[in-house]
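1. Mind looking at a prediction? Sequence and model below.
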Amino acid sequence: MSETTPSTDPSITLYRLQACPFCERVVRKLHEYDLDYRSRFVEAMHSERDIVKRISGKRTVPAIVDENTGVTMSESANIVDYLDNTYGAEA
Amino acid sequence: MELDFEVVDLDESAHPEEGTQAPDFIRPLVNDEYWEDVALSELTADGPVLLVFYTMDGDFPATYIWNELRDRAWDDDYDVTIVGLSISSPYEHKTFIEEREMDYRLFSDPQNGVAEEYGIVNDLDGMAGISEPRPAAFLIDEERRVQYAWAAQKWPDFPDYDEIEDELAGLR
């Protein structure tokens, strides 16, 4: 996909905070499996993260929504495991 | 911060090394009352300058870095002018300076040209068309020579404040 092509809606949405190491860890994994995703950046203040709370029930980032599987998930270790199990070589 | 996984690496940077000339530039320099175009060389003409590149105003790395620099208040003890640079607009800088309650001035460089000159561009994943400087710090003397250089090799990454303080002590 070239960068100038308008992307079709990716099925994975990542809620992230800029330069958050846990979020970057998930990004690295998404790149590893060449997965298309949409990034939504939220602010550092937890009180400013109502959107994340609405989708995941918690205000923590990273959080992902994967419409391929209907999964919504928080915590980077859990998300990395999920991506490995869903999209990795053993999936 | 202890993490049980490897923090993401950045590509190698090609920033000015110690002993080389720091590229000069002119950008709006923002204080708590106004901004005006200022050249780096105007600042160094008055003495050593610590130039700190940081992520856009408002996120947590910017807050961590400037709280630390504000609390260390090196300019009270050492002959140094401390200035920052990010891609945030002058308006955002003014708000940030007020929120952090700090006396330091900030260069505004939304098009990221200074980071290009300094070889420290960080293209941001998930924000199309936006790049910013990777976190970096340069201690630059009156002849605009780089006395100390640091650029992030990880994302995120933070300056080694004690190392910078040692360098400042060495200036005297």
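-> Sure thing, it's come through.

2. and residue B:152, how far is that from residue B:128?
-> From residue B:152 across to residue B:128, the span is 22 Å (Cβ to Cβ, to the nearest Å). Heads up, the C-betas are built off the backbone N, CA and C, glycines and all.

3. Which one of these two is surrounded by more residues?
-> When residue B:152 and residue B:128 are compared for neighbours, residue B:152 comes out ahead with 24 against 10, by other Cβ atoms under 10 Å in any protein chain shown.

4. Next, the contact list for that one, please.
-> Listed by Cβ atoms under 8 Å, 6 or more residues apart in numbering or on different chains, the contact set of residue B:152 reads B:10, B:13, B:122, B:134, B:135, B:136, B:158.

5. Out of the residues you listed, the closest to chain A would be?
-> Distance to chain A across the contacts of residue B:152 (Cβ to the nearest Cβ) is lowest for residue B:135, with 8.6 Å.

6. show me what contacts that closest one?
-> With contacts defined as Cβ under 8 Å, 6+ apart, residue B:135 is in contact with B:53, B:54, B:55, B:61, B:65, B:151, B:152, B:156, B:157, B:158, B:159.

7. likewise residue B:23?
-> Contacts of residue B:23 (Cβ under 8 Å, 6+ apart): B:16, B:40, B:114, B:117, B:118.

8. where does the third one fall, phi/psi-wise?
-> This means residue B:114. Dihedral angles of residue B:114 (phi, psi; degrees, to the nearest 10) stand at phi -70, psi -40.

9. which residues touch the host helix or strand of residue A:55?
-> Per DSSP states H and E: residue A:55 is located in helix A:50-56. Helix A:50-56 has contacts (Cβ under 8 Å, 6+ apart) with A:15, A:40, A:42, A:58, A:59, A:60, A:61, A:63, A:65, A:72, A:73, A:74.

10. Tell me if I'm right that the second one and residue A:15 touch.
-> What that stands for is residue A:40. Yes: counting by Cβ atoms under 8 Å, residue A:15 is a contact partner of residue A:40 at 5.2 Å.

11. quick one: which of those two has more around it?
-> More crowded of residue A:40 and residue A:15, by other Cβ under 10 Å: residue A:15, with 25 against 16.

12. The more buried one: what secondary structure?
-> strand (DSSP: H, G, I helix; E, B strand; the rest coil).

13. So it sits against residue A:58, correct?
-> No: counting by Cβ under 8 Å, residue A:15 does not reach residue A:58; the two are 10.5 Å apart.

14. Does stretch B:107-121 reach chain A?
-> No: residues of stretch B:107-121 contacting chain A under Cβ under 8 Å from any Cβ of the partner chain: none, with a closest distance of 14.6 Å.

15. how close does the spatially most central residue of chain B sit to residue B:150?
-> Centroid check for chain B by Cα atoms, centre = their mean gives residue B:52 as the closest residue, at 1.5 Å. Residue B:52 is 10 Å from residue B:150, where distance means Cβ to Cβ.

16. can you give me the strands for chain B?
-> B:8-9, B:26-30, B:35-39, B:49-53, B:81-86, B:105-108, B:121-123, B:131-133, B:136-140, B:146-151, B:154-155 (DSSP state E).

17. Alongside chain A, which residues does chain B contribute?
-> Residues of chain B found near chain A (Cβ under 8 Å from any Cβ) are B:1, B:3-5, B:7-8, B:55-56, B:58-61, B:63, B:124-128, B:155-156.

18. That concludes my questions; thank you for your assistance.
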